[in-house]
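[1] below are the sequence and a predicted model; questions follow.
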Amino acid sequence: MTDKKNDQNLPMITFPMSEQDGISFEIIELLFFAYRDFVADPDSMLAGIGYGRAHHRVLHFVNRSPGIPVAHLLEILKITKQSLARVLKQLIEDGYIAQQTGDKDRRQRLLFPTQKGRDLALQLSRCQARRIEQALISLPPETKETAKAFLYSLIEQNDRPLVRQLNSQQDRQDHAL
């Protein structure tokens, strides 16, 4: 049903999408709002230094996997080389990330956080960790495992092994320290 026309004489719909469209919008909207608030503090901190979410993601994964090859980072982030190059150039020039050629393959570029990069990544992650901890504290203990299972299920099926590998690799490194 359309009942209005806009300046271009196209019909405009004036009734909202709803459950009658065969979609449960509640979880979709909860995810929108949760993500908005989850990234709000880091976004604000990063905006103060002229950075955005792409910088945050690169900083996060370089700090979680020091020495990560650029090719692997591209695979994780699913972005173009061109997009990464712009962000990476800024992070390197500003002293947050250092780049080194591979020992075996001189064409390989390995990325390492600097102390400045580690400090920023920790600052960004701490505010997000606090938000998660505050959300989980009032819920039953098994909620964390249920939430993790739900989030894994949202990831594309063919990407789940990569994500599980990253997390298990990090768990092993965390326990070795």
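    Yep, it's here.
[2] and the helices in this structure?
    Assigned by DSSP state H, the helices in the chain fall at 25-47, 53-64, 70-77, 81-93, 115-137, 143-154, 160-176.
[3] and those: which comes nearest Arg107?
    With CB to CB as the criterion, Arg107 lies closest to helix 70-77 of the helices of the chain, at 9.9 Å. The way it works is simple: take the backbone N, C-alpha and C, and place the C-beta from them, glycine included.
[4] about what we covered before: tell me the most buried of the helices of the chain?
    Of all the helices of the chain, helix 53-64 carries the top mean neighbour count, a mean of 20, counting by mean count of other CB atoms under 10 Å.
[5] and it with helix 25-47, angle?
    80 degrees (axes from the mean of the first three to the mean of the last three CA atoms, to 10 degrees).
[6] which strands and helices sit next to helix 53-64?
    Packing partners of helix 53-64 (3 or more CB pairs under 8 Å, 6 or more residues apart in numbering; DSSP states H and E): helix 25-47, helix 70-77, helix 81-93, strand 97-101, strand 109-113, helix 115-137.
[7] tell me which of those sits nearest to Val62.
    Closest among those, once you apply CB to CB, is strand 109-113, at 4.8 Å.
[8] which other residues reach the closest one?
    59, 62-63, 66-70, 73, 88, 96-102, 121 (CB atoms under 8 Å, 6 or more residues apart in numbering).
[9] if we go to 6 Å?
    The contact list for strand 109-113, computed with CB atoms under 6 Å, 6 or more residues apart in numbering, reads 62-63, 66-70, 97-100, 102.
[10] so where's the chain uncertain?
    Applying pLDDT under 70 to the chain flags residues 1-6, 170-177.
[11] so which residue is smack in the middle of it?
    Geometric centre of the chain, nearest residue: Arg57, 5.3 Å, by CA atoms, centre = their mean.
[12] Provide a list of residues in contact with that residue.
    The neighbourhood of Arg57, defined by CB under 6 Å, 6+ apart, consists of Leu77.
[13] kindly provide the distance from it to Glu142.
    Distance of Arg57 to Glu142, given as CB to CB, to the nearest Å: 30 Å.
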